[in-house]
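>>> only geometry, no sequence info:
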């Protein structure tokens, strides 16, 4: 006799048959009727949820009922997590997947899905752990190997990411997305030829991959092949007109005109509330439109976009200007006169490194390009090696800058040799190698101690122009001080304090101050001054720096292909009425 709380076996078999026949609409109707008759039947609710899910419908209610009625079934919680994730309920989905894993610790799919939602929540270390557990249970998950690699790449662990992408390709040799991700990781390591190979390989398996075409366009731009970069970007856009990355690249490769169809498309996308642009891309879109409108002289409209993009980015992280000021204080106090004198006459004897540093957007790329045009110099771009070494813990001294208290001459020599060895990998045979990481200005004291024969060139630019250029640029990562005008001004003031400190505590001539506006006004005399400071014989190639064939992948990639121009001098005047918080922070009066 049928229990009034449960459907009969025959009823259930009919529902299962409809599911197996993929008759999901019929299944939804019959399962819906059944849960009305038997509201306590977890299995009926489960089949109703499955029918709705397979049709792309909201199955949250059905799977919530299932999890309550069948609390000991891992699948019930897993399915609820899938439904919650589809609705953007990521924390709730994570809890459901964790419950499924509590009931079944060997549930590989639950680890995989938990990793997916943790990645959305920004918990990347936990994401890696979940993907690795899924792979340990099911090593042949090519998709999970690829996702693991993508997460490791986001964490900056490129060698491990490359290994994961290769594992995905080994399991699925036609896996176009894994080839693209592998190429992207290699691009970050500046292994451009290898990256190009894998992007082209992806296109063999997926000819309409606009993602691979966009990556190739970027590589062509980095390499200075502008014509091929433009053609490839346009091909990517023809496949997917909503491909913002390719559209952004186009705006970087030629001067924007008022009748530019790409600009018209970007403006239309920005105005279309139904375009469903992801939040991060929407911020990028604002920056790109600001850049385009600035080029057209529409400064008020341009600033509205820069401001909107900055506010969107600033809302995504925590930053305290006062805390940053205290960090500058700590650095100044740690590297005092007595400490620097105590550690003099140590370090590596190498004279290979040439450091070009200063605030971002101050002219460091231009200065490096002049130096790198010399035949004895390899321009390595922005390297993180110095700052990574600076953070090393020494006994109980902690990280930078307090580790200076535990350093001795021998350790400084070792650190200096480590740095040279690392950067030598970029150009083993070059006499000199430039490192133009702007943030290295914080480490001038350390450079002086661990590489006393290295040359240090500090590039300065008009404070307001520098800050405006930072504010109107979306950086790939970090630079949290650039997304609020007042905070940006305070950071600049702290930077000036530190540079004044270095001039006070270091010997005269420890570094060369170069003014960006002076280079613009008198290229040859300034170039000769810089080359002479580097201890190099003059070479006329240093005046034709824009013709240098080298790959450049920085925020100023487009500018280094051009001769010097003066349009960026006093650029801030066009935006003066919008810059009140910045001007107040800098102590600059309007008018």
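Looks like it came in fine. Not measured: the values here are computed from a predicted model.
>>> what's residue 38 sitting at in phi/psi?
phi -130, psi 70 (degrees, to the nearest 10).
>>> Repeat that for the one 3 residues further on.
Here the main-chain torsion angles of residue 41 (degrees, to the nearest 10) amount to phi -90, psi 100.
>>> Could you tell me how far it is located from residue 412?
Going from residue 41 to residue 412 by C-beta to C-beta, to the nearest Å gives 73 Å. C-beta here means a position set from N, CA and C on the backbone, and glycine is covered the same way.
>>> Out of those two, name the residue with the larger neighbour count.
More crowded of residue 41 and residue 412, by other C-beta atoms under 10 Å: residue 41, with 24 against 21.
>>> Tally up the residues packed near residue 44, please.
28.
>>> list the buried ones in the strand or helix carrying it?
Taking DSSP states H and E as the definition, residue 44 sits inside helix 42-54. For helix 42-54, a neighbour-count test (16 or more other C-beta atoms under 10 Å) marks 42-53 as buried.
>>> Centre-most residue in this structure?
residue 476 (3.9 Å; C-alpha atoms, centre = their mean).
>>> now that one, what's its secondary structure?
coil (DSSP: H, G, I helix; E, B strand; the rest coil).
>>> ok, back up a step: least trustworthy position among the buried residues of helix 42-54, going by pLDDT?
Least confident by pLDDT among the buried residues of helix 42-54: that is residue 49, with 81.
>>> give me every residue that touches that one.
59, 62-63, 66, 79, 83 (C-beta atoms under 8 Å, 6 or more residues apart in numbering).
>>> repeat that for 10 Å
Contact analysis of residue 49 by C-beta atoms under 10 Å, 6 or more residues apart in numbering lists 28, 31, 35, 57-67, 76, 79-80, 82-83.
>>> Derive a PyMOL selection command for the buried subset of those residues.
Here is the PyMOL command that picks out the buried ones among the contacts of residue 49, judged by 16+ other C-beta under 10 Å:
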select buried, resi 28+31+35+59+60+62+63+64+65+66+67+76+79+80+82+83
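>>> So which of the contacts of residue 49 sit within helices?
When DSSP state H defines the helices, the subset of these inside them is 28, 31, 35, 60-67, 76, 79-80, 82-83.
>>> chain center to the helix holding residue 44, what's the gap?
A distance of 41 Å separates the centroid of the chain from that of helix 42-54, by C-alpha atoms, centre = their mean, to the nearest Å.
>>> how close does residue 23 sit to residue 190?
Taken as C-beta to C-beta, the span from residue 23 to residue 190 is 54 Å.
>>> hang on, I meant residue 123
29 Å.
>>> same question, residue 363
22 Å.
>>> likewise residue 179?
19 Å.
>>> Please apply the same query to residue 135.
Counting by C-beta to C-beta, the gap from residue 135 to residue 190 is 29 Å.
>>> Isn't residue 501 up against residue 332?
Yes. Using C-beta atoms under 10 Å, residue 501 is in contact with residue 332, at 4.8 Å.
>>> For this structure, give me the ranges with low pLDDT.
Applying pLDDT under 70 to the chain flags residues 1-5, 273-275, 397, 546-566, 588-591.
>>> Would you tell me which helix is longest in it?
Per DSSP H, the chain has its longest helix at helix 485-505.
>>> Check which helices and strands the helix or strand just after that helix is in contact with.
Per DSSP H and E, the first helix or strand lying C-terminal to helix 485-505 is strand 512-515. On a contact count with 3 or more C-beta pairs under 10 Å, 6 or more residues apart in numbering; DSSP states H and E, strand 512-515 meets strand 353-358, helix 364-372, strand 455-460, helix 523-533.
>>> if I pick residue 65, what's in contact with it?
35, 39-42, 44-46, 48-49, 76, 80.
>>> what's the answer for residue 149, then?
Applying C-beta under 10 Å, 6+ apart, the residues contacting residue 149 are 131, 157-158, 160-169, 178, 181-182, 184-185.
>>> Could you do residue 532 as well?
512, 538.
>>> and it, how far is that from residue 351?
Counting by C-beta to C-beta - residue 532 and residue 351 are separated by 15 Å.
>>> Next: residue 107.
59 Å.
>>> Over to residue 239?
For residue 239, the distance to residue 351 (C-beta to C-beta) stands at 50 Å.
>>> go on, residue 459?
Taken as C-beta to C-beta, the span from residue 459 to residue 351 is 20 Å.
>>> How about residue 184?
36 Å.
>>> Then residue 127?
Taken as C-beta to C-beta, the span from residue 127 to residue 351 is 44 Å.
>>> thinking residue 372 is in contact with residue 380, fair?
Yes. When contacts are counted by C-beta under 10 Å, residue 372 is listed as touching residue 380 (8.5 Å).
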